[in-house]
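In: structural data only, the sequence is not supplied:
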């Protein structure tokens, strides 16, 4: 009974605290919404209102939860009849002593006799102050003068009554743009005559002139014309934007336009889709033992949208050497996500596709965008899943001789690098002699590895490797890994342990070679590697030699760069094993013996070297740049501007922005007295001028003193007998 009364009083206190915080924060939330409405509009105000409601709820709930059990115990202990034992009201009777249970019963009786009042009084001064401040802020927002709205200039450029004498003005203008449907862009209108739109956009002009001409047309800078048709007081015309152009308005039987500048239309080309591989991270993946799944994931981005379906090209390469067969198949994938950023994924089962040991599985994603009528296609990078072949049974056909795969020595260089790095990390904890001993042991391993690789180049062995010095008692534990690694060494040449050969026969070359030499002396008899692979392996041996040199001297930090380079070259040798070249010979035409030594050249093409004349740069840009100088009265005649226009049509790639160049040229042609226009065109021409070739600079003439010196030398030379 007393517990229920206590919990009800506790809940009333929490509810009162919750309401108090809501009343405190609600006016400020209203002020924030009003301010946002004033500055950014109704949509932003609704967003701020939602955020304010969430913040108010979180703050009020946090304040309510702060009235926890410790707060209730403190409030009850403030009463004299609780005798500072209010915490016993929340304890279980089983865990109390008889005296504590007696005290608990007494407190419960007192609670039943007089219900507790836990709620704190409302803090009215704080609430009234917050409300008054919020009301003042709201009144300031209401009475603050509104920012003048950005006025949109009407379509009318100039009223007919204010038109200048002798000119035609455009009293109203409008350009409507309807992008292609595949772009997903809505049609829009603009009062300006310049625009940027996607390729294939339908352009619709609506113009009104004062006074009205007899005819009007749009003249593009490449010579095309679009005639405008009159509909009442308006002139209308349409055009499909295929590439960026400049155009101007031409009138018939009417005064010229007051503004005769060219207008620009920029065509935004649809870019092909961009394909990015998400999984796997590397283009070459080795199939692990027991692997039955190969997950693939791609991300495709496009400016206007990618087709929902894509094709995954799967190629299975089987065989080895020159006998490689390819089997191709196409799988259809369905993408997810928005049209402009789709994701494609598929998990392949290599075994279900027929993959076996030594095969390669190559995949490539083919996607198309939504361009109409001809979509653009893009391909991802090729991803390869390789099932490593059995190294013991791998063979290649070279002149009918079976060549065993290189043994597993290729993985030892990485272990040498790991041992050297571990030794450097333990350098501070090892004594100087122990550090040198372990470095020398790793150098011995490097030497053994170098000798093993030398066998593939037909190099002679250098004898059995010498073990490192025996470690002292202080370094016995630290050199244990190196000793274990050295225990697996083996000599390159075992000729000393072979049984003695019988006596050589007199005069027999094979017996002499068997007695005084062996086949390691002949590099071509020792291995069958192509010249490029042999050169790469030779470079790897040179790097191993440098690594061994520094390791034997106790300098592993200097040996690591050479060890890394050796590992990189070894990997190149390892990958060269899968490179196949077509074995075809040179097919020469048959030789006619009857024409030998007779001087008959019938049917033979003359072996003459055609000398092409050097192209002379067009002098029009240089002449125009000189004519557009800054001196007073500088201008360019019409013929020179026409030559410059023709040069621009023949060399559009010589300038950075051909349309800007054409616009500047058109402005100079229409306003020959404009100095700023000439300067702008001259600056664009400077960037397009060809740089002169480097020449020997003429020595400057001698001054008066130098000339006297030269005259004295000449006189002395003439006076010499």
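Out: It's in. Quick caveat: nothing in here was measured; it's all calculated off a predicted structure. Numbers count the residues shown, from 1 in each chain.
In: rest of the way, CA atoms for contacts and neighbours
Out: Will do.
In: and the helices in the stretch 1-150 of the chain, which stretches?
Out: Ranges of helices within the stretch 1-150 of the chain are 2-40, 42-65, 69-77, 98-113, 124-143, based on DSSP state H, counting those that start in this stretch.
In: nearest to residue 697, of those helices?
Out: helix 2-40 (66.3 Å; CA to CA).
In: so for residue 607, what's the pLDDT?
Out: Here, the pLDDT recorded for residue 607 equals 64.
In: ditto for residue 91
Out: Residue 91 is assigned a pLDDT of 67 by the prediction.
In: one step back: in JSON lines: the helices of the stretch 1-150 of the chain, plus mean neighbour count and mean pLDDT.
Out: JSON lines is the format used below for those (neighbours: other CA atoms under 10 Å; pLDDT from 0 to 100):
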{"stretch": "helix 2-40", "mean neighbour count": "17", "mean pLDDT": "76"}
{"stretch": "helix 42-65", "mean neighbour count": "16", "mean pLDDT": "81"}
{"stretch": "helix 69-77", "mean neighbour count": "16", "mean pLDDT": "71"}
{"stretch": "helix 98-113", "mean neighbour count": "15", "mean pLDDT": "70"}
{"stretch": "helix 124-143", "mean neighbour count": "14", "mean pLDDT": "78"}
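In: in a markdown table, list those helices along with distance to residue 623.
Out: A markdown table is the format used below for those (distance: least, CA to CA, whole Å):
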| stretch | distance to residue 623 |
| --- | --- |
| helix 2-40 | 56 |
| helix 42-65 | 59 |
| helix 69-77 | 93 |
| helix 98-113 | 109 |
| helix 124-143 | 65 |
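In: for residue 671, find the nearest of those helices.
Out: helix 2-40 (44.2 Å).
In: report the inter-axis angle for that closest one versus helix 42-65.
Out: 160 degrees (axes from the mean of the first three to the mean of the last three CA atoms, to 10 degrees).
In: so what does helix 2-40 touch, helix or strand wise?
Out: Applying 3 or more CA pairs under 8 Å, 6 or more residues apart in numbering; DSSP states H and E, one finds that helix 2-40 contacts helix 42-65, helix 98-113, helix 124-143.
In: circling back to that earlier point, out of the helices of the stretch 1-150 of the chain, nearest to residue 374?
Out: Of all the helices of the stretch 1-150 of the chain, it is helix 42-65 that lies closest to residue 374, at 40.1 Å by CA to CA.
In: show residues contacting that closest one.
Out: 14-15, 17-19, 21-22, 25-26, 29-30, 32-34, 36-37 (CA atoms under 8 Å, 6 or more residues apart in numbering).
In: quick one: it to chain centroid distance?
Out: Remark: helix 42-65 is offset 40 Å from the chain centroid, using CA atoms, centre = their mean, to the nearest Å.
In: go on, stretch 646-665?
Out: Using CA atoms, centre = their mean, the offset of stretch 646-665 from its chain centre is 32 Å.
In: show the backbone phi and psi for residue 688.
Out: Phi and psi for residue 688, reported as degrees, to the nearest 10, are phi -100, psi -10.
In: what pLDDT does it get?
Out: Looking at residue 688, the pLDDT reads 83.
In: count of neighbours near it?
Out: Neighbours of residue 688 under the rule other CA atoms under 10 Å: 16.
In: give me every residue that touches it.
Out: Applying CA under 8 Å, 6+ apart, the residues contacting residue 688 are 621, 654, 655.
In: so which of those are in helices?
Out: Counting by DSSP state H, the contacts of residue 688 place residue 621 in helices.
In: which of the contacts of residue 688 ranks first by neighbour count?
Out: Within the contacts of residue 688, neighbour counts (other CA under 10 Å) peak at residue 621, which reaches 23 neighbours.
In: residue 641 versus that one, what's the distance?
Out: Per CA to CA, to the nearest Å, residue 621 is found 10 Å from residue 641.
In: so what sits against both of these two?
Out: The contact sets of residue 621 and residue 641 do not overlap (CA under 8 Å, 6+ apart).
In: so the most centrally placed residue in the chain is in which element?
Out: Residue closest to the mean C-alpha point of the chain, counted by CA atoms, centre = their mean, is residue 276 at 9.3 Å. If you go by DSSP states H and E, residue 276 is part of strand 274-279.
In: can you give the distance of that strand from its chain's centre?
Out: That offset, for strand 274-279, works out to 11 Å (CA atoms, centre = their mean).
In: residue ranges for the strands of the stretch 201-350 of the chain, please.
Out: Residue ranges of the strands in the stretch 201-350 of the chain, as given by DSSP state E, counting those that start in this stretch, are 202-210, 215-220, 225-231, 234-240, 245-252, 263-268, 274-279, 284-286, 294-301, 309-320, 323-334, 341-348.
In: nearest to residue 543, of those strands?
Out: strand 284-286 (26.4 Å).
In: that closest one pairs with which strands, parallel or anti?
Out: strand 383-386 (parallel) (DSSP bridges).
In: could you break the chain into its assigned domains?
Out: Domain assignment for the chain, taken from automatic domain parsing, gives 2-143, 165-268, 275-386, 408-494+509-578, 620-688.
In: output these as JSON lines; include the columns distance to residue 604.
Out: Formatted as JSON lines, the domains of the chain follow (distance: least, CA to CA, whole Å):
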{"stretch": "domain 2-143", "distance to residue 604": "84"}
{"stretch": "domain 165-268", "distance to residue 604": "48"}
{"stretch": "domain 275-386", "distance to residue 604": "38"}
{"stretch": "domain 408-494+509-578", "distance to residue 604": "37"}
{"stretch": "domain 620-688", "distance to residue 604": "39"}
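In: by mean pLDDT, show me the worst of those domains.
Out: domain 408-494+509-578 (a mean of 69).
In: just to revisit the earlier point, residue 598 is nearest to which of the strands of the stretch 201-350 of the chain?
Out: Each of these has some distance to residue 598 by CA to CA; the shortest is strand 323-334, at 46.9 Å.
In: gap between that closest one and the chain center?
Out: For strand 323-334 - counting by CA atoms, centre = their mean - the centre lies 29 Å from the chain centre.
In: if we can go back for a sec, contact partners of the strand holding residue 276?
Out: Contacts of strand 274-279 (CA under 8 Å, 6+ apart): 295, 296, 297, 298, 299, 300, 301, 302, 378, 379, 380, 381.
In: rerun at 6 Å
Out: Here strand 274-279 makes contact (CA atoms under 6 Å, 6 or more residues apart in numbering) with 296, 297, 298, 299, 300, 301, 380.
In: about what we covered before: so which of the helices and strands packed on helix 2-40 gets nearest residue 183?
Out: Using CA to CA, the helices and strands packed on helix 2-40 put helix 42-65 closest to residue 183, at 26.7 Å.
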